[in-house]
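Asker: below are the sequence and a predicted model; questions follow.
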Amino acid sequence: CGFCFDCKQCVSFCPQEAITRYRDNPAGEKVSTNYAKCVGCHLCSLVCPCGYIQMGMGDGL
């Protein structure tokens with residue numbers, strides 16, 4: 001569906017604890033990623049039942 005329904009799977013499965021939940025965010029976002037902690041393992045996108053999390057290649061490191 002492409003929408004986050006706050007199942008918290010990404011938060012639970014992230015081995016680096018790089019994903020945190022927003023509470024009552026007026027912008028509608030449910031999760032935030034700390035890219036300094038993220039190692040690009042893609043577990044968050046694999047466990048997301050709705051396809052909300054999209055992984056990319058970054059901005060040309």
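Answerer: That came in fine, so what should we check first? Residues are numbered from 1 along each chain as shown.

Asker: buried residues in the lowest-mean-pLDDT helix or strand in the chain?
Answerer: Here the helix or strand of the chain ranked lowest by mean pLDDT, DSSP states H and E is strand 31-33, holding a mean of 88. Neighbour-count burial for strand 31-33 flags residue 31 (criterion: 16 or more other CB atoms under 10 Å). For the C-beta atoms, the positions are set from N, CA and C on the backbone; glycine is no exception.

Asker: pLDDT weak spots in the chain?
Answerer: The chain contains residues with pLDDT under 70 at 28, 57-61.

Asker: rerun that using 50 as the cut-off
Answerer: In the prediction, the chain carries residues with pLDDT under 50 at positions 60-61.

Asker: so which residues of it form helices?
Answerer: Under the criterion DSSP state H, the chain carries helices at the ranges 9-13, 43-47.

Asker: can you list those helices in CSV and add distance to residue 37 and mean neighbour count?
Answerer: Output for these, formatted as CSV (distance: least, CB to CB, whole Å; neighbours: other CB atoms under 10 Å):
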stretch, distance to residue 37, mean neighbour count
helix 9-13, 13, 16
helix 43-47, 12, 16
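
Asker: to residue 31, which of the ones you listed lies closest?
Answerer: helix 9-13 (6.1 Å; CB to CB).

Asker: what helices and strands are in contact with the closest one?
Answerer: Contacts defined by 3 or more CB pairs under 8 Å, 6 or more residues apart in numbering; DSSP states H and E place helix 9-13 against strand 19-21, helix 43-47.

Asker: now do the buried residues in stretch 30-40.
Answerer: Using 16+ other CB under 10 Å as the test for burial, stretch 30-40 gives 30, 31.

Asker: need the contact partners of that stretch.
Answerer: Here stretch 30-40 makes contact (CB atoms under 8 Å, 6 or more residues apart in numbering) with 4, 6, 10-11, 15-22, 44, 52-53, 55.

Asker: filter these to the buried ones?
Answerer: Neighbour counting with 16+ other CB under 10 Å marks 4, 10, 11, 18, 19, 44, 52, 53 as buried within these.
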